[in-house]
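Trainee: Structure for the following, please:
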Amino acid sequence: MDTLFRFRSALPQDPAVDAWLASREPALGAIARHWYARLRQNGPGIRELMHDGCPVACVGDVAFAYVNVFTAHVNLGFFMGAQLDDPAGLLLGEGKRMRHVKLKPDVPCDSASLERLIEDAYTQAVSLALRPVDPE
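Mentor: Numbering: from 1, shown residues only. Have a look, this model is predicted:
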């Protein structure tokens, strides 16, 4: 297993995340708030923080997903997305680990498939969070 994104400073609910989400442009902000709220609903152990300028959801200290708002779209990203099963072909990106889904206002998305990706990413993070932390 490659090195995980671990954030020991993640909080049960980081006020900076809510402030960031509230400050986004209305149409894109609504998308970001909707999907970030969904990330928060996964189960016990959800923690969060701002990292690289956007909200990140973690299980314990293991990052599993983020949202970010751009000029014309929102990314819902997965830190270990390259390992997720994606039969609907929603995931974009060519990196070693990370993948994202691009969401745009007034463009329908496959919510059921996106929900499945979120659930799978959460489940994956739960199992990774149980592993011992590598010494630094």
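
Trainee: what residue lies at the spatial centre of this protein?
Mentor: A65 (1.7 Å; CA atoms, centre = their mean).

Trainee: Contacts only, for G43.
Mentor: Listed by CB atoms under 8 Å, 6 or more residues apart in numbering, the contact set of G43 reads 122, 126. Bear in mind the C-beta positions are built from the backbone N, C-alpha and C, glycine included.

Trainee: actually I118, not the one I wrote
Mentor: Contacts of I118 by CB under 8 Å, 6+ apart are 38-39, 42, 65, 76.

Trainee: Now the longest strand seen in the chain - C-alpha only, CSV.
Mentor: When the chain is parsed with DSSP state E, its longest strand is strand 62-69. Extracted as CSV, the C-alpha positions of strand 62-69 are listed here (Å, rounded to 0.1, in the frame of the first residue of the first chain):
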residue,chain,number,x,y,z
VAL,A,62,-7.5,9.1,6.7
ALA,A,63,-8.7,11.4,3.9
PHE,A,64,-11.2,9.9,1.6
ALA,A,65,-12.9,12.7,-0.3
TYR,A,66,-13.0,16.4,-1.0
VAL,A,67,-15.0,19.1,-2.8
ASN,A,68,-13.6,22.0,-4.7
VAL,A,69,-15.3,24.8,-6.6
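
Trainee: what's it packed up against?
Mentor: Applying 3 or more CB pairs under 8 Å, 6 or more residues apart in numbering; DSSP states H and E, one finds that strand 62-69 contacts helix 26-40, strand 54-59, strand 74-78, helix 111-129.
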